[in-house]
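Novice: Generate a structure from the sequence data that follows.
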Amino acid sequence: MNQSKKDQWVLVTGAAKRLGQRLVESIHADGYCIMLHYHQSHAAAAAIQSKLNQQRADSCRIIAADLRNNEATQAMCNHIIAQELAIFAVINNASIYHKTPATESNLRHIDVEHFNTHIAMHMLAPWIISQAMRPSLEKNGGCIINMLDVYASKPQYGFDAYSTSKAALKMLTENMALSFAPHVRVNAIAPGAILWPEPQTAALDNQEQQALLDKIPLHKLGNTSAIASTARFLLHNDYIHGETIHVDGGLRLA
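Specialist: Numbers count the residues shown, from 1 in each chain. Here you go, the predicted structure:
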């Protein structure tokens, strides 16, 4: 890498809140500049941008896009490319987590629009973004980190589209590891129970939360710092490639 970290940019999608925010703050503290993508959380994104730019001038920029829309995803990439930044890494973190709709008779089925939305967010958007950023990533000897889920490797009842789309991203990670080599490293992180789902998506009551904790071999909820430190490790290690690191307290074994 010819440039110092302060000249290198990391694009993080879905980074205005929750895990994305922690990733951004941790990576920025390592000296990288941040291109922060968000969808609707402008106020939260702007607050992070202001905070980080106070620490280092013009070290964080924000950009909005609905990654469920392929054209919007490509337009976002074009806007970033036009800024001629040295993109060192892409972290495909943006995600949605919704139960698969059920019929009134409670027979489960795949709603086509619901399924396509998850595929667009979890598989197509990372592919479009990674391909668009590839020239800069190659030039800077950079890397891609895809955020999976423990349920990319095992089914989760009631979340058919979510689990399937995350599994697709896992395979995409391995395919990109082959096609992007030798100049760009591609890896993935598969979190387990790190944050409880937000109420508007798939809230768990106290009994459901405790049942999940009992299922996890370490019997505890994870934290965003564990994911952020893993991402930083992958940014710095130049000989891990095509790998998925599980940060799940052993949940995948249960």
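Novice: for the strand or helix carrying residue 48, which positions count as buried?
Specialist: When elements are assigned from DSSP states H and E, residue 48 belongs to helix 42-55. The neighbour-count criterion (16 or more other C-beta atoms under 10 Å) identifies 44-45, 48-49, 52-53 as the buried residues of helix 42-55. C-beta here means a position set from N, CA and C on the backbone, and glycine is covered the same way.
Novice: Could I get the full set of strands for the stretch 1-150 of the chain?
Specialist: Counting by DSSP state E, counting those that start in this stretch, the segments of the stretch 1-150 of the chain that form strands are 9-12, 33-38, 60-64, 87-92, 143-147.
Novice: I'd like the ones you listed as TSV, with distance to residue 134 appended.
Specialist: As requested, those are exported to TSV (distance: least, C-beta to C-beta, whole Å):
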stretch	distance to residue 134
strand 9-12	12
strand 33-38	15
strand 60-64	18
strand 87-92	9
strand 143-147	9
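Novice: Using TSV, please lay out the ones you listed together with mean pLDDT and distance to residue 253.
Specialist: As requested, the strands of the stretch 1-150 of the chain are arranged in TSV below (pLDDT from 0 to 100; distance: least, C-beta to C-beta, whole Å):
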stretch	mean pLDDT	distance to residue 253
strand 9-12	98	29
strand 33-38	98	33
strand 60-64	98	38
strand 87-92	98	26
strand 143-147	98	20
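Novice: nearest to residue 79, of those strands?
Specialist: Between residue 79 and the strands of the stretch 1-150 of the chain, the shortest gap by C-beta to C-beta is with strand 60-64, which sits at 6.4 Å.
Novice: What strands flank that closest one, and is each parallel or antiparallel?
Specialist: strand 33-38 (parallel) (DSSP bridges).
Novice: if we look at stretch 36-48, which residues are touching it?
Specialist: Outside stretch 36-48, the residues that touch it by C-beta atoms under 8 Å, 6 or more residues apart in numbering are 11-17, 21, 24-25, 49, 60-67, 76, 94.
Novice: Would you list the buried entries among the residues you listed?
Specialist: Members of the contacts of stretch 36-48 classed as buried by 16+ other C-beta under 10 Å are 11-16, 21, 24-25, 49, 60-63, 65, 67, 76, 94.
Novice: which residue packs closest to residue 154, ignoring adjacent ones?
Specialist: Distances taken as C-beta to C-beta, 6 or more residues apart in numbering place residue 252 nearest to residue 154, at 6.4 Å, with adjacent residues excluded.
Novice: Make sure that neighbour is actually in contact with residue 215.
Specialist: No - when contacts are counted by C-beta atoms under 8 Å, residue 252 is not listed as touching residue 215 (11.0 Å).
Novice: Among the two, which residue is more densely surrounded?
Specialist: Under the criterion of other C-beta atoms under 10 Å, the comparison of residue 252 against residue 215 puts residue 252 first, with 17 against 13.
Novice: who are the neighbours in contact with the more buried one?
Specialist: Contact criterion C-beta under 8 Å, 6+ apart gives 150, 153-154, 190, 192, 246 as the residues in contact with residue 252.
Novice: Can you flag the buried ones in these?
Specialist: For those, a neighbour count by 16+ other C-beta under 10 Å gives the buried set as 150, 153, 190, 192, 246.
Novice: For the nearest residue to residue 217 once chain neighbours are set aside, give its distance to residue 98.
Specialist: By the measure of C-beta to C-beta, 6+ apart, the closest residue to residue 217 outside its immediate chain neighbours is residue 250, 3.4 Å from it. Taking C-beta to C-beta, to the nearest Å as the measure, residue 250 and residue 98 are separated by 26 Å.
Novice: Please apply the same query to residue 62.
Specialist: Counting by C-beta to C-beta, the separation of residue 62 from residue 98 is 25 Å.
Novice: so where's this structure uncertain?
Specialist: Scanning the chain with the threshold set as pLDDT under 70 gives 1-4, 6, 102-110, 198-204.
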